[in-house]
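*Asks:* Prediction below, plus the sequence it came from.
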Amino acid sequence: MSPAASAPRPFFGWHVVAATFLLAAFGWGTGFYGPPVFLYAVVARTGWPVPMVSAAVTAHFLMGAVVVANLPQLYRRFGVPVVTVLGAVLLALGIAGWALAVEPWQLFAAALASGAGWVAMGAAAVNALIAPWFILRRPAALGMAYNGASLGGVIFSPLWIVLIAGIGFLPAALAVGCVMVAAVATLSVLVFRHTPDSMGQSPDGEEGADPRPPAPQGGSPARRRFLRDRKFVTLAAGMMLGLFAQIGLLAHLFSLLVPGLGEGMAGLAMGGATLAAILGRSVVGWMMPVSADRRLVACASYGVQMAGSLLFLLAADEGGAWLILGIALFGLGIGNATSLPPLIAQQEFTPAEVARVVPLIVAIGQAGYAFAPAAFGLLRGGGMIGGSGSVPLFACAAAIQLAAIGCLLAGRMGKPDRREQR
């Protein structure tokens with residue numbers, strides 16, 4: 001046998017990370033950072049009340065929570081590539097529906113489609129794609145993949161504004177949707193259909209490691225058992241509260257910024273927040289020690305975001321240094337709010353449990369934060385940053401972020417288990 005023929009195949013896991021990075025960019029750029037812009041565009045086009053359109057954003061995220069709770073079953077039945085492509089198609093159809101809606105019921109129908117689709121490209125999907133390929137280096141791999149989500153915000157937040165203003169909402173939705181479906185279909189065929197078993201490789205590329213990921217524990221008995229587990233309950237509650245405050249702010253931040261900054265600058269400000277998210281997630285992913293208590297890291301991240309929420313209260317109507325600093329601090333924690341909970345689960349649960357815990361905490365988190373856009377819409381006034389209507393909104397966000405820190409601290413029980421570390 002020639003040396004070339006016997007040479008080991010390069011570790012495929014990093015190709016999965018790169019592909020998942022791009023998947024997350026489309027998923028978050030359209031399904032997560034898109035709704036705040038869609039809210040503004042729909043209100044401007046139809047004149048419908050902000051609370052009603054905010055309720056459609058809530059329906060978008062709530063439908064996603066239902067689907068994400070069943071992602072493991074969908075993967076087992078249809079396979080990862082099929083579910084991923086179907087999610088992209090539903091998301092593309094949904095955002096076209098946002099642009100076409102002329103009656104409220106049509107808007108809510110579109111929201112259900114977009115919400116069902118985007119979670120196949122969201123946090124639980126990213127974790128499911130990365131987990132079989134990485135154990136020891138999972139924090140870094142997940143951090144790199146989740147940075148695609150933040151890059152999606154950096155690119156798509158201003159891009160949606162430019163496209164909608166330049167060619168209209170519907171052409172923009174069709175253009176982005178078609179490119180997204182084509183890209184996701186290509187990635188699914190070339191990358192996502194492969195597993196460590198099919199490539200004859202091991203997690204992290206280590207020789208002798210078990211290449212087969214543990215079978216997920218599913219069904220109602222497992223769910224009931226987790227609901228009695230203090231670590232699970234506090235982790236799910238902390239994630240849900242942190243994301244509730246985050247999504248509530250993000251859903252309204254763009255339209256609150258527009259009166260003072262204009263559409264273009266507001267879009268750039270939203271992109272700047274997600275650029276800060278890349279920095280925050282990268283620092284945690286690469287510098288967090290393996291033995292670190294990841295709950296404390298998450299608490300620190302929420303604390304930085306809470307400081308950003310409080311700085312919004314000091315921002316004048318015209319913006320200024322307080323506003324810029326608030327956006328930067330708030331943005332630093334955006335990525336960690338989704339990437340740290342799966343890493344906490346990896347540290348505190350067995351590998352077989354992690355496969356079930358992560359979709360459950362993501363589903364619980366999304367079911368809770370789905371109501372944030374509507375709830376914050378009721379708190380909101382008609383003004384901009386610094387207006388009287390925004391004061392309770394930002395004060396409420398800071399209080400909820402503090403409660404998230406309290407939940408994570410309540411779940412600390414001695415030293416980390418590190419049951420998955422080898």
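*Replies:* Received, thanks. No experiment lies behind these values; they were computed from the predicted model shown.

*Asks:* For the rest of this, base every contact and every neighbour count on C-alpha atoms.
*Replies:* Will do.

*Asks:* Off-centre distance for stretch 125-145?
*Replies:* 15 Å (CA atoms, centre = their mean, to the nearest Å).

*Asks:* quick one: terminal-to-terminal distance for that stretch?
*Replies:* Stretch 125-145 has an end-to-end distance of 11 Å (CA to CA, to the nearest Å).

*Asks:* got the buried residues for it?
*Replies:* The neighbour-count check on stretch 125-145 (16 or more other CA atoms under 10 Å) flags 125-135, 137-145 as buried.

*Asks:* And stretch 193-206, by the same measure?
*Replies:* In stretch 193-206, counting by 16+ other CA under 10 Å, buried: 194-196, 201-205.

*Asks:* Out of these, show me where the pLDDT dips lowest.
*Replies:* For these, the weakest pLDDT value sits at Gly205, with 68.

*Asks:* so where's the protein shaky on pLDDT?
*Replies:* 1-8, 205-225, 316-320, 381-390, 413-422 (pLDDT under 70).

*Asks:* following the lengthiest helix in it, which helix or strand comes up?
*Replies:* When the chain is parsed with DSSP state H, its longest helix is helix 230-287. Using DSSP states H and E, the next helix or strand after helix 230-287 towards the C-terminus is helix 294-314.

*Asks:* Pull out the buried residues from that next one.
*Replies:* 294-295, 297-299, 301-314.

*Asks:* Ok, stretch 347-354 next?
*Replies:* In stretch 347-354, counting by 16+ other CA under 10 Å, buried: 347-351, 353-354.

*Asks:* Same question for stretch 79-89.
*Replies:* Buried residues in stretch 79-89 (16+ other CA under 10 Å): 80-89.

*Asks:* How far does it sit from its chain's centre?
*Replies:* Distance, centroid of stretch 79-89 to centroid of chain: 17 Å (CA atoms, centre = their mean).

*Asks:* Give the closest residue to Thr30 in space, chain neighbours not counted.
*Replies:* Nearest in space to Thr30, with sequence neighbours left out and distances taken as CA to CA, 6 or more residues apart in numbering, is Phe156 at 7.1 Å.

*Asks:* After the helix or strand hosting the one you found, which helix or strand is next?
*Replies:* Here Phe156, judged by DSSP H and E, is contained in helix 138-167. For helix 138-167, the succeeding helix or strand toward the C-terminus, using DSSP H and E, is helix 169-187.

*Asks:* mind saving the C-alpha coords of whichever helix or strand comes after that following helix as PDB?
*Replies:* Using DSSP H and E, the helix or strand that follows helix 169-187 in sequence is helix 196-199. C-alpha atoms of helix 196-199 as PDB (Å, rounded to 0.1, in the frame of the first residue of the first chain):
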ATOM      1  CA  PRO A 196     -18.000  10.300  12.600                       C
ATOM      2  CA  ASP A 197     -19.000   6.700  12.000                       C
ATOM      3  CA  SER A 198     -19.500   7.300   8.200                       C
ATOM      4  CA  MET A 199     -16.100   9.000   8.000                       C
END
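
*Asks:* mind checking how far helix 196-199 is from the chain centre?
*Replies:* Distance, centroid of helix 196-199 to centroid of chain: 28 Å (CA atoms, centre = their mean).

*Asks:* try stretch 97-107
*Replies:* 25 Å.

*Asks:* ok, now stretch 308-324?
*Replies:* Counting by CA atoms, centre = their mean, stretch 308-324 comes out at 25 Å from the chain centroid.

*Asks:* Ends of it, what's the gap?
*Replies:* First-to-last residue span, stretch 308-324, CA to CA: 9 Å.

*Asks:* repeat for stretch 310-324
*Replies:* 13 Å.

*Asks:* likewise stretch 93-109?
*Replies:* 11 Å.

*Asks:* Residues touching stretch 80-99, excluding its own?
*Replies:* 27, 30-31, 38, 42, 74-75, 106-107, 109-121, 169-170, 173-174, 176-178, 180-181, 184-185, 188-189, 192-193 (CA atoms under 8 Å, 6 or more residues apart in numbering).

*Asks:* Go ahead and confirm Gly13 touches Asp204.
*Replies:* Yes - here Gly13 reaches Asp204: they are 7.3 Å apart, a contact under CA atoms under 8 Å.

*Asks:* list the residues that contact both of those two?
*Replies:* By CA under 8 Å, 6+ apart, the residues touching both Gly13 and Asp204 are 133-134.

*Asks:* what about Ala44, distance to Trp160?
*Replies:* 15 Å.

*Asks:* more neighbours, those two?
*Replies:* Trp160 (24 against 12; other CA atoms under 10 Å).

*Asks:* Check which residues of whichever strand or helix holds Ala363 are buried.
*Replies:* Per DSSP H and E, Ala363 falls inside helix 351-369. Neighbour-count burial for helix 351-369, counted by 16+ other CA under 10 Å, picks out 351, 353-369.

*Asks:* what's the answer for stretch 252-272, then?
*Replies:* 252-258, 260-261, 263, 266-272.

*Asks:* Stretch 65-83 now?
*Replies:* 65-69, 71-72, 75, 80-83.

*Asks:* Between the two ends of it, how far is it?
*Replies:* End-to-end for stretch 65-83, by CA to CA: 16 Å.

*Asks:* now stretch 226-234
*Replies:* First-to-last residue span, stretch 226-234, CA to CA: 11 Å.

*Asks:* to the chain's geometric centre, what's the distance from it?
*Replies:* The answer for stretch 226-234 is 22 Å, by CA atoms, centre = their mean.

*Asks:* With stretch 400-410 instead?
*Replies:* 19 Å.

*Asks:* Hmm, Arg138 is touching Ala131, no?
*Replies:* Yes - applying CA under 8 Å, one finds Arg138 in contact with Ala131, separated by 7.0 Å.

*Asks:* Surely Val362 is in contact with Ala123?
*Replies:* Yes - with contact defined as CA under 8 Å, Val362 counts as touching Ala123 (7.3 Å).

*Asks:* Identify, from the buried residues of stretch 193-206, the entry nearest to Ala277.
*Replies:* Asp204 (25.7 Å; CA to CA).

*Asks:* Go ahead and confirm that closest one touches Leu136.
*Replies:* Yes - taking CA under 8 Å as the definition, Asp204 is a contact partner of Leu136 at 6.9 Å.
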